[in-house]
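S.K.: I need the structure of the sequence given here:
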Amino acid sequence: MVPVPVPVPTPVPAPVVGAGAGAYWLLLEALPTLHCYYGAQLTALLRLMSIADEEPP
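M.R.: The predicted structure follows:
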């Protein structure tokens, strides 16, 4: 009879944890930049819309 290998729960390898933490850190680092960029875009868009809404004098 051939012994069937039983899957043993192995701990997650350190590089995977490091990569996950690195990706998370990069995301946190990128958030302010994205927020500034899209915030500026949104502000410009709202300003254009408010200008378009105003009645010409």
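S.K.: can we go C-alpha only for contacts and neighbour counts from here?
M.R.: Will do.
S.K.: Next one: His35 from Ile51, what distance?
M.R.: Per CA to CA, to the nearest Å, His35 is found 24 Å from Ile51.
S.K.: Kindly report the same for Tyr37.
M.R.: Separation of Tyr37 from Ile51 (CA to CA): 21 Å.
S.K.: Please apply the same query to Val17.
M.R.: 50 Å.
S.K.: Run through the helices of the protein in chain order.
M.R.: In the chain, the helices defined using DSSP state H lie at 14-53.
S.K.: mind checking how far stretch 3-10 is from the chain centre?
M.R.: 36 Å (CA atoms, centre = their mean, to the nearest Å).
S.K.: Any idea how far apart the tips of that stretch sit?
M.R.: 20 Å.
S.K.: any idea of the mean pLDDT for that stretch?
M.R.: The pLDDT scores in stretch 3-10 average 71.
S.K.: which residue ends up closest to the midpoint of the chain in space?
M.R.: Centroid-nearest residue in the chain, with CA atoms, centre = their mean: Leu27, separated by 4.9 Å.
S.K.: For that residue, give its distance to Asp53.
M.R.: Taken as CA to CA, the span from Leu27 to Asp53 is 37 Å.
S.K.: Pull the number of nearby residues for Gly39.
M.R.: Counted with other CA atoms under 10 Å, residues neighbouring Gly39 total 13.
S.K.: And Leu34, by the same measure?
M.R.: 12.
S.K.: same thing with Ser50?
M.R.: Neighbourhood size, Ser50 [other CA under 10 Å]: 10.
S.K.: show me where pLDDT drops low in this structure?
M.R.: Residue ranges of the chain with pLDDT under 70: 1, 7, 12-13, 54-57.
S.K.: make it 80
M.R.: Counting by pLDDT under 80, the low-confidence segments of the chain come to 1-21, 27, 30, 32-36, 51-57.
S.K.: residues in contact with Leu28?
M.R.: For Leu28, the contact set (CA atoms under 8 Å, 6 or more residues apart in numbering) is empty.
S.K.: Relative to Pro9, how far out is it?
M.R.: Separation of Leu28 from Pro9 (CA to CA) stands at 31 Å.
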